[in-house]
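[1] This is the structure alone, sequence omitted:
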């Protein structure tokens with residue numbers, strides 16, 4: 001990100017750091033999930049264990065996390081779509097394929113300035129359209145979406161492995177020097193920037209009630225998931241920063257395919273030509289699967305909060321034929337689609353990161369609080385290490401949050417304040433707890 005010390009080639013170290021943080025938090029998620037006899041999100045667990053206000057805060061935070069992370073992925077998808085059209089010689093007007101807000105401006109492959117930093121007249125139509133199309137898919141039914149998602153995940157992994165295999169032939173070791181261009185502060189900031197790439201690992205913890213031996217199976221599932229993802233991420237990071245200087249990757253929404261394109265321009269051959277296309281398609285399918293998963297999650301949070309009367313009743317309306325939360329799904333699509341057409345990937349990633357880290361802090365703190373308040377409550381899984389792991393999770397999450405810009409903190413606090421105002425003036429007065437007090 002412009003104006004902040006990046007990790008450079010040490011991004012691989014940042015990825016390991018983030019994986020360790022996620023491991024601690026994932027184990028906390030698993031304990032909280034095992035205390036509740038139903039599957040659900042952090043909002044569901046918090047509502048059942050820590051009360052309405054904390055549940056509202058984390059639900060409001062999850063809306064930010066899911067929405068903004070999908071905005072960022074949608075912007076990345078749009079960049080890949082533009083590359084895909086360019087592969088076939090299709091060149092749409094620039095104003096309709098780039099965000100309206102570009103804090104670092106926009107340059108072409110030759111370094112020519114296309115847009116100065118700031119706002120310009122335009123709208124990222126591909127980012128908007130992919131969200132709207134997937135919203136229609138989700139309204140029609142979840143079963144078909146889940147089956148399609150599994151196929152896309154497999155193709156995404158195949159694309160990553162293909163890039164690592166082919167790209168490793170074009171590595172220039174000099175690009176790795178210095179390995180720590182900004183020291184440990186750069187590693188910390190790098191972890192803060194790329195944290196949102198790990199969003200979703202905690203879903204493994206929600207399956208605690210389905211395990212034969214939760215105390216053994218849950219940590220294995222979480223750690224194995226994180227190890228596989230981290231190995232793939234590190235492989236991409238090492239190859240990518242070995243092919244091109246890390247400073248050239250700043251604010252690039254499609255660094256892998258753009259790097260392959262640069263390699264092909266310098267060394268044109270058939271293998272690179274088709275590798276570029278295969279990785280491009282794999283990346284696009286992978287991003288579609290990510291958008292699908294988190295649009296589902298976001299709509300379900302809206303739905304659950306409406307069911308608990310914290311949001312208007314319309315949000316829990318179900319489609320008469322498809323039995324899906326139609327209003328929540330469409331609102332989630334609109335809330336994500338329009339900003340995705342206006343904002344750049346860096347701004348969105350930062351907001352997603354701080355929202356996710358804050359949710360992780362609340363979950364980890366919740367584990368400590370419940371161990372003190374309800375030590376005898378049944379737990380299908382108990383996070384190992386006593387209070388150490390939850391405490392480490394909180395500490396590391398706060399450290400990563402500290403690596404985010406002050407502007408991101410300000411935007412986050414504004415979001416929380418808006419949420420609290422809505423809760424105090426509207427939501428609190430509609431719940432059964434408030435009516436009982438009256």
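    Thanks, I have it. Since the structure is predicted, the reported quantities are computational estimates derived from the model, not experimental observations.
[2] any idea of the mean pLDDT in the longest helix anywhere in the chain?
    The longest helix of the chain (DSSP state H) is helix 270-307. Mean pLDDT, computed over helix 270-307, is 86.
[3] Show me what counts as buried in it.
    Neighbour counts over helix 270-307 (16 or more other Cβ atoms under 10 Å) mark 272, 275-306 as buried. From N, CA and C alone the C-beta is placed, and that goes for glycine too.
[4] swap in stretch 173-180?
    Buried, per 16+ other Cβ under 10 Å, within stretch 173-180: 175, 176.
[5] And for that stretch, what's in contact with it?
    7, 8, 9, 10, 186, 187, 241, 242, 243, 244, 245, 246 (Cβ atoms under 8 Å, 6 or more residues apart in numbering).
[6] residue contacts, the closest residue to the last one other than its chain neighbours?
    Okay, so that is residue 246. Spatially, and ignoring its direct neighbours in sequence, residue 246 is nearest to residue 8 (4.5 Å; Cβ to Cβ, 6 or more residues apart in numbering). By Cβ under 8 Å, 6+ apart, the contact set of residue 8 is 178, 179, 180, 181, 182, 186, 190, 241, 246, 247.
[7] re earlier: now pLDDT and distance to residue 63 too, for the contacts of stretch 173-180, in TSV please.
    Shown next, in TSV, are these (pLDDT from 0 to 100; distance: Cβ to Cβ, whole Å):
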residue	pLDDT	distance to residue 63
7	80	29
8	85	34
9	90	36
10	89	33
186	85	31
187	88	30
241	91	34
242	92	39
243	92	38
244	88	37
245	87	38
246	85	33
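[8] Drop anything exposed from these.
    Applying 16+ other Cβ under 10 Å to the contacts of stretch 173-180 flags 7, 8, 9, 10, 186, 187, 241, 242, 243, 244, 246 as buried.
[9] Could you identify the most distant pair in those?
    187 and 243 (20.8 Å; Cβ to Cβ).
[10] quick one on the thing from earlier: what's the spacing between the residue nearest to residue 246 and residue 62?
    Separation of residue 8 from residue 62 (Cβ to Cβ, to the nearest Å) stands at 32 Å.
[11] thinking again about what came up before, quick one: the longest helix of the chain to chain centroid distance?
    11 Å (Cα atoms, centre = their mean, to the nearest Å).
[12] Check stretch 417-426 too.
    Taking mean C-alpha positions (Cα atoms, centre = their mean), stretch 417-426 and its chain are 25 Å apart.
[13] cool, stretch 157-176 as well?
    24 Å.
[14] Give the rounded mean pLDDT of it.
    92.
[15] quick one: terminal-to-terminal distance for that stretch?
    Chord length of stretch 157-176, first to last residue, is 25 Å (Cα to Cα, to the nearest Å).
[16] about what we covered before: can you list the buried ones among the contacts of stretch 173-180 in a markdown table and add distance to residue 360 and secondary structure?
    Shown next, in a markdown table, are these (distance: Cβ to Cβ, whole Å; DSSP: H, G, I helix; E, B strand; the rest coil):
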| residue | distance to residue 360 | secondary structure |
| --- | --- | --- |
| 7 | 20 | coil |
| 8 | 26 | helix |
| 9 | 27 | helix |
| 10 | 23 | helix |
| 186 | 22 | helix |
| 187 | 19 | helix |
| 241 | 27 | helix |
| 242 | 31 | helix |
| 243 | 33 | helix |
| 244 | 32 | coil |
| 246 | 27 | helix |
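[17] Among these, which one lies nearest to residue 313?
    Of the buried ones among the contacts of stretch 173-180, the one sitting nearest to residue 313 (Cβ to Cβ) turns out to be residue 7, at 46.7 Å.
[18] Report the contact partners of the closest one.
    Neighbour list for residue 7: 13, 14, 180, 182, 186, 187, 189, 190, 191, 193, 246 [criterion: Cβ under 8 Å, 6+ apart].
[19] Mark which of the residues you listed are part of helices, please.
    Checking these against DSSP H, those in helices are 13, 14, 186, 187, 189, 190, 191, 193.
[20] which among those gets closest to residue 357?
    Using Cβ to Cβ, these come closest to residue 357 at residue 191, 10.3 Å.
[21] Surely that closest one and residue 18 touch.
    Yes. Judged on Cβ atoms under 8 Å, residue 191 makes contact with residue 18 at a distance of 4.8 Å.
[22] what touches both of the two?
    Joint contacts of residue 191 and residue 18 (Cβ under 8 Å, 6+ apart) are residue 400.
[23] rewinding a little: including distance to residue 354, could the contacts of residue 7 go into TSV?
    Below are the contacts of residue 7 laid out as TSV (distance: Cβ to Cβ, whole Å):
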residue	distance to residue 354
13	21
14	16
180	25
182	21
186	19
187	18
189	13
190	15
191	13
193	11
246	23
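[24] Kindly confirm my reading that residue 335 is in a helix.
    Yes. With DSSP: H, G, I helix; E, B strand; the rest coil as the criterion, residue 335 is assigned to a helix.
[25] I figured it was touching residue 68, is that so?
    No. Applying Cβ under 8 Å, one finds residue 335 not in contact with residue 68, separated by 9.8 Å.
[26] Looking at these two, which is more packed in?
    residue 68 (29 against 19; other Cβ atoms under 10 Å).
[27] Could you confirm the more buried one falls within a helix?
    Yes. Counting by three-state DSSP, residue 68 is part of a helix.
[28] got the contact list for it?
    Contacts of residue 68 (Cβ under 8 Å, 6+ apart): 348, 351, 352, 355.
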